[in-house]
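**Q** no sequence on this one, just coordinates:
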C-alpha cells in the first residue's frame, strides 16, 4: 500500500514538474536575458551583439543585456555557457572563433556541437585588412613587396587566440607567403586602439569595426574579402586585386544557447531574431556596415546547427595546416 502511495506521489510530482516547465516555456521570456560576448567592448562582435540585443528587446518587450566575459579568446564565456541552465535566459553571441576554442584548448573538454543549441545567425560580415596611418603603407601590393624583401617587419593585432582576426591573419600570412608577428589582445577593441595609435601596424577584422574608422581616416583599409568592391567602401580594393585572390573569408555571427534548451524556447528566440533582423533600423545599420543579413532558411536553428557541424570539421584541418595555437 505504501509503495502505491509513494508511486502515486512520484507520478504527481513528475506531472507537476512537467506542467511547470511547460508553463515556463510558454511564458518565455518572462525576465531579462543575458547575452554573453567573449571579448572586450569596442570590437566587431561586441558592436553586433549590442545591436541585436536592442532589437531582440523590442521584439520581445524584454530586456536583453550584453555581458562581456573576456579571457582566452572566448573560452571563459564558452565555459560559463556550458554550465548555464538550459532555459534560454543565458545565451552567447559569437562567430567562427567559437568553433576554434575547443581546438585551441582541448583540455577544456568543450565541443561546439555537443555543448550548444543553435539559435540562429544574425549577420555575415566580410573581413578587411587595415593599416595604421603612421605605417606609411598605401596598398596591399606594396605591403607584400616590403614584407617579402624584409624591408617591412609588421605586427598584426587580433582580439586574442582563436578569434576570427587571429584565424584570418594566420590564414592571410600563409596564403600570401609572408611573415609577421601576431600580437594578441583581450578583444579587437584594444587591438584597434593600438592600431589607431600606431603601436601596431595592421589588423584584419570585420567591416563592422573597420569601415567607420576608415571613413573617419583614423586608419587606412587596403583590402576587403569580397568578390567585388563594396559599395560602402568603393575606394578599397579586394584581396584579389591586391594579389591574394585565395583569401575570401566571410564571418558568420550568431546566437547559441546551452545544450538541452527546449525546442519551444529556441523557436521563440528564433522568431524574435527574425523580427529583430527585419527591423528597418537594424537593416539600415547592417547595410551601412557592409554586413549581410542571412535569408530565413540560412538563419534558422536547423541550418545554423549544420553550419556548426561543418565548421567544426573544416576548421580542425585548417588549424592544423596553419599551425594555429593559443599563446
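**A** Cool, got the structure. Note that the structure is predicted; figures quoted are calculated from it, not measured.
**Q** what's the helix or strand for residue 276?
**A** helix 263-277 (DSSP states H and E).
**Q** show the pLDDT at the residue nearest to residue 40 when sequence neighbours are not counted.
**A** Leaving out its chain neighbours, the residue that sits closest to residue 40 by C-beta to C-beta, 6 or more residues apart in numbering is residue 187, at 2.9 Å. (Glycine included, C-beta is placed from N, CA and C.) At residue 187, the model reports a pLDDT of 78.
**Q** okay, now residue 179: neighbour count?
**A** 13 (other C-beta atoms under 10 Å).
**Q** do the same with residue 253
**A** By other C-beta under 10 Å, the residues close to residue 253 number 23.
**Q** neighbouring strands of the one helix or strand it maps to in the sheet, and parallel or not?
**A** Here residue 253 sits within strand 250-258, counting by DSSP H and E. Strand 250-258 has these partner strands in its sheet, going by DSSP bridges: strand 90-95 (antiparallel), strand 116-131 (antiparallel).
**Q** next, the angle helix 263-277 makes with it.
**A** Going by axes from the mean of the first three to the mean of the last three C-alpha atoms, to 10 degrees, strand 250-258 is angled at 140 degrees with respect to helix 263-277.
**Q** now do the helices in this structure.
**A** Along the chain, counting by DSSP state H, helices occupy 2-26, 44-60, 75-83, 97-104, 140-149, 164-176, 188-197, 207-215, 239-242, 263-277, 280-288, 296-299, 301-322.
**Q** so what's the residue nearest to residue 40 up against?
**A** By C-beta atoms under 8 Å, 6 or more residues apart in numbering, the contact list for residue 187 reads 39-43, 46, 68, 70, 159-160.
**Q** distance check, residue 192 against residue 90.
**A** 28 Å (C-beta to C-beta, to the nearest Å).
**Q** comparing the two, which residue is more hemmed in?
**A** Higher neighbour count among residue 192 and residue 90: residue 192, with 26 against 19, using other C-beta under 10 Å.
**Q** that one is in contact with residue 202, isn't it?
**A** No - using C-beta atoms under 8 Å, residue 192 is not in contact with residue 202, being 11.0 Å away.
**Q** what is the neighbour count of residue 309?
**A** Under the criterion other C-beta under 10 Å, the count of neighbours that residue 309 has is 14.
**Q** check contacts around it.
**A** The neighbours of residue 309, taking C-beta under 8 Å, 6+ apart as the test, are residue 113.
**Q** can you give the distance from stretch 43-57 to the centre of its chain?
**A** 11 Å (C-alpha atoms, centre = their mean, to the nearest Å).
**Q** equivalent analysis for stretch 245-253, please.
**A** That offset, for stretch 245-253, works out to 13 Å (C-alpha atoms, centre = their mean).
**Q** in that stretch, what counts as buried?
**A** Neighbour-count burial for stretch 245-253 flags 247, 249, 251-253 (criterion: 16 or more other C-beta atoms under 10 Å).
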